[in-house]
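> below is the sequence, then the predicted model.
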Amino acid sequence: MEFNYKDKICVVTGASSGIGYATTNLLKNMGAKIYALDINPINLDGLEFIQTDLNKKESIDLAFTKIPKHIDCFFGVAGVSGVKTNYYDTFTINYIANKYITEAYLKSRMTVGGAIAYVTSVAGSYWDKYAKEYQDFTKAKTWEEMTALLHEQAKPDTIGMMAYPFSKRAMNHYTSEMAIELGQKGIRVNALLPASTDTGMKDEFELEAGGEEELLSETGIARRLATSEEMAKPLIFLNSDWASYISGTLLTVDYANQALIKLGMKKDRLDVKVGSKLYNLGFFQNILKKQLSQVEVQEEKELTEPVIPYNEELSTVKAEEIFIENDKKEEINLDEGLSKEDVEMDIVMPYNDALSTVVDEDLMPYNDAISTIKQEQQAN
């Protein structure tokens, strides 16, 4: 028996690629009436494509003038990794656009029996533990208020990589809030938290993870990336009649990766802060820029720079020493608000021959290539 989507009005964002495309294609085969939103055209017939830039409020407003006044199901799939987008754009597309669409349109156009499913990420785990980091965004009511908060959170040219987990945690929080609020109106709200998936952003996630093997290490016992369709199917289930009593669920789809963590069989790399303004300081941004450029170079040739040793248990490498080594003894440029003493005493820069990161123990998920987040342990 198939899910009952025949003639249902379904809105899908990010419909032209990856999980969004797979979702749209499956819904089309089920007879749904689809309104596909994406900045890029979708190569599918039998649906209504609306070119939409989710980074712009005006573009969203225009799109919804072309969508029926009644919506049965919303699939918020669109998202960016932050590798090719800045902090503002990453957070806006991943979080602000979803919240704005829900507040401005879904609440008024959906009725009893309606269903909403957002695609967030396993990177958004521990959203409840670290809610203080993003709580101002959850309290903001309008697009303008959230944009203003972004300007307080980061600079315009801040690299978007840390905005990715930050935005996904905020979305998991928002999903839970909406499940309670809209549940009272008979509208279900859930989220899908995919693990590593073979989409158009595969290369970007490999970069963030530190390489293909490191990305595969997050695929549980499958040891392969999920296909987009393997994520689209549970997403479609969440909005289907078969899930009529499921709401407020953050469905992790990771082939037992979380089970391995809970059983103590692998390290938990997600229980860390991600919203610290430390990441937005110039010295850290420069390191990230080098990291991105190094990966681009690595695609053409092997890096030949010497490796600075790092001990996972106790690092004796000072951040300043790494700066000098990597910058060929150029002057260290620290932003206002972070003293030289802070760098020397509190921040350790792990280094490996592919990628280097400045981190604080509480700030960035551990991974084997983009190294650990450790504060220097003081023997005395």
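All right, it came through fine. As the structure is a computational prediction, the values presented were derived from the model and not from experiment.

> the stretch 151-300 of the chain: strands as residue ranges?
188-194, 197-198, 226-227, 250-253 (DSSP state E, counting those that start in this stretch).

> pairing partners for the third one, with directions?
Based on DSSP bridges, the strands next to strand 226-227 in the sheet, each with its direction, are strand 197-198 (parallel).

> quick one: distance of the strand it pairs with to the chain centre.
14 Å (C-alpha atoms, centre = their mean, to the nearest Å).

> same question for stretch 263-283.
On the basis of C-alpha atoms, centre = their mean, stretch 263-283 sits 13 Å off its chain's mean C-alpha point.

> circling back to that earlier point, of the strands of the stretch 151-300 of the chain, which shows the lowest average pLDDT?
Mean pLDDT is lowest for strand 197-198 among the strands of the stretch 151-300 of the chain, at a mean of 74.

> sorry, back to before: among the strands of the stretch 151-300 of the chain, which is the most enclosed?
Across the strands of the stretch 151-300 of the chain, averaging neighbours per residue (mean count of other C-beta atoms under 10 Å) puts strand 188-194 on top, at a mean of 26. Where C-beta positions appear, they are placed from N, C-alpha and C, glycine not excepted.

> ok, and what's touching that strand?
19, 114-122, 124-125, 171-172, 175, 178-179, 182-183, 226, 231, 234-235, 238-239, 243-244, 246-254 (C-beta atoms under 8 Å, 6 or more residues apart in numbering).

> return the residues in contact with the spatially most central residue of the chain.
Among the residues of the chain, Tyr164 comes closest to the average C-alpha position under C-alpha atoms, centre = their mean, at 3.6 Å. Shown in contact with Tyr164 (C-beta under 8 Å, 6+ apart): 80-82, 90, 94, 121, 123, 208.

> give me the low-pLDDT residue ranges for the stretch 201-350 of the chain?
Along the stretch 201-350 of the chain, segments meeting pLDDT under 70 span 201-220, 291, 294-350.

> doesn't Ser167 make contact with Ala123?
No - in this structure Ala123 lies outside contact range of Ser167 using C-beta atoms under 8 Å: 9.2 Å.

> got the end-to-end distance for stretch 175-190?
End-to-end distance for stretch 175-190: 6 Å, by C-alpha to C-alpha, to the nearest Å.

> now do the buried residues in that stretch.
Residues 175-176, 178-179, 182, 187-190 are the ones in stretch 175-190 that count as buried (16 or more other C-beta atoms under 10 Å).

> now the buried members of the contacts of strand 188-194.
Judged by 16+ other C-beta under 10 Å, buried ones among the contacts of strand 188-194: 19, 114-122, 124-125, 171-172, 175, 178-179, 182, 226, 231, 235, 238-239, 243, 246-247, 249-254.

> mind listing which of those residues are in helices?
Counted as lying in helices by DSSP state H, out of the buried ones among the contacts of strand 188-194, are 19, 171-172, 175, 178-179, 182, 231, 235, 238.

> closest to Asp157 among those residues?
Met171 (24.0 Å; C-beta to C-beta).

> list the contacts for the closest one?
94-95, 98, 118, 120, 124, 191.

> and the pLDDT at the closest residue to it other than its chain neighbours?
Closest residue to Met171 apart from its sequence neighbours, by C-beta to C-beta, 6 or more residues apart in numbering: Thr120 at 4.5 Å. With respect to pLDDT, Thr120 scores 97.

> more crowded one of Ala123 and Ser167?
Ser167 (31 against 24; other C-beta atoms under 10 Å).

> residues contacting the closest residue to the more buried one other than its chain neighbours?
Among residues not flanking Ser167 along the chain, Asn94 sits closest, at 3.7 Å (C-beta to C-beta, 6+ apart). Asn94 makes contacts with 79-80, 163-164, 167-168, 171, as judged by C-beta under 8 Å, 6+ apart.

> these: which two are farthest apart?
Within the contacts of Asn94, two members stand farthest from each other by C-beta to C-beta: Val80 and Met171, at 13.0 Å.

> got phi/psi on the residue lying closest to Ala179 once chain neighbours are set aside?
Once flanking residues are discounted, Ala179 sits nearest to Gly248: 3.3 Å by C-beta to C-beta, 6+ apart. Here is the backbone geometry of Gly248 (degrees, to the nearest 10): phi 80, psi 10.

> just Thr65 next, same as before
The phi/psi pair for Thr65 (degrees, to the nearest 10) is phi -70, psi -20.

> okay, it and Lys267: tell me how far apart.
Using C-beta to C-beta, to the nearest Å, Thr65 is found at 49 Å from Lys267.

> kindly report the same for Leu62.
From Leu62 over to Lys267 (counting by C-beta to C-beta), the distance is 46 Å.

> quick one: residues contacting Asp271.
Counted by C-beta under 8 Å, 6+ apart, Asp271 has contacts 125-126, 129.
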